[in-house]
Each structure stands twice: as C-alpha cells, then as structure tokens.
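Visitor: sequence and predicted structure below; questions after.
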Amino acid sequence: MEDIKKAIIEYAESSKKSKFYFKDMEKAVQNKIPGAKSRDIKKAATELVNEGTLIYFSTGSTTMYGLKGRGITEDK
C-alpha cells in the first residue's frame, strides 16, 4: 500500500495539471507498479485524502483529485 501511495504522490507532483481523474492516476500507478489493482489504488487515494495529502475536487458531475496546496482549490 505504501508503494502505491508513493506512486500516487509522485504522479500528482509531476502532473502538468493540478487536478486529475482517477483513471489517469490509476494508469500512471499501474505503469509504475505492474499488477496494482484498481481497488488498492482507490483505497490508497482515499487514505491520502484522509491524511490531507490529496483533496477531492468536484466539478458537479465528476470527482477529480488534486495535490493539496497545488493549483486553485475550493479551500484556498
């Protein structure tokens, strides 16, 4: 799980965009950690949100993820 969290954070820091979809994050993690399951990636992302490292960003129809403090967020 820690490897997956690390891969998510690396993706979030290196991403050109401040917000990203789960599918994009999932693809990046699976490229770095072959065999990582969607369910485990989702769990790791949720843990990072609960820890305050990542944030959810809702567009109304879709939920995106972002690295806290990067880009414009609702909680400025």
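Guide: Structure's in. What do you need? Numbers count the residues shown, from 1 in each chain.

Visitor: can we go C-alpha only for contacts and neighbour counts from here?
Guide: Fine.

Visitor: Glu10 in helix, strand or coil?
Guide: Three states are possible here, and by DSSP: H, G, I helix; E, B strand; the rest coil the one that applies to Glu10 is helix.

Visitor: what's near enough to touch it?
Guide: Contact analysis of Glu10 by Cα atoms under 8 Å, 6 or more residues apart in numbering lists nothing.

Visitor: one more: Tyr65?
Guide: Shown here is Tyr65, whose contacts under the criterion Cα under 8 Å, 6+ apart are Lys19, Phe20, Tyr21, Phe22, Leu54, Ile55, Tyr56, Phe57.

Visitor: just to check, the fourth one is in contact with Gly66?
Guide: This points to Phe22. No. Between Phe22 and Gly66 no contact is recorded; they are 10.1 Å apart, counting by Cα atoms under 8 Å.

Visitor: can you check the pLDDT for the residue nearest to Ile33 when sequence neighbours are not counted?
Guide: In space, and not counting its chain neighbours, Ile33 is closest to Ile4: 7.5 Å by Cα to Cα, 6 or more residues apart in numbering. Looking at Ile4, its pLDDT stands at 96.
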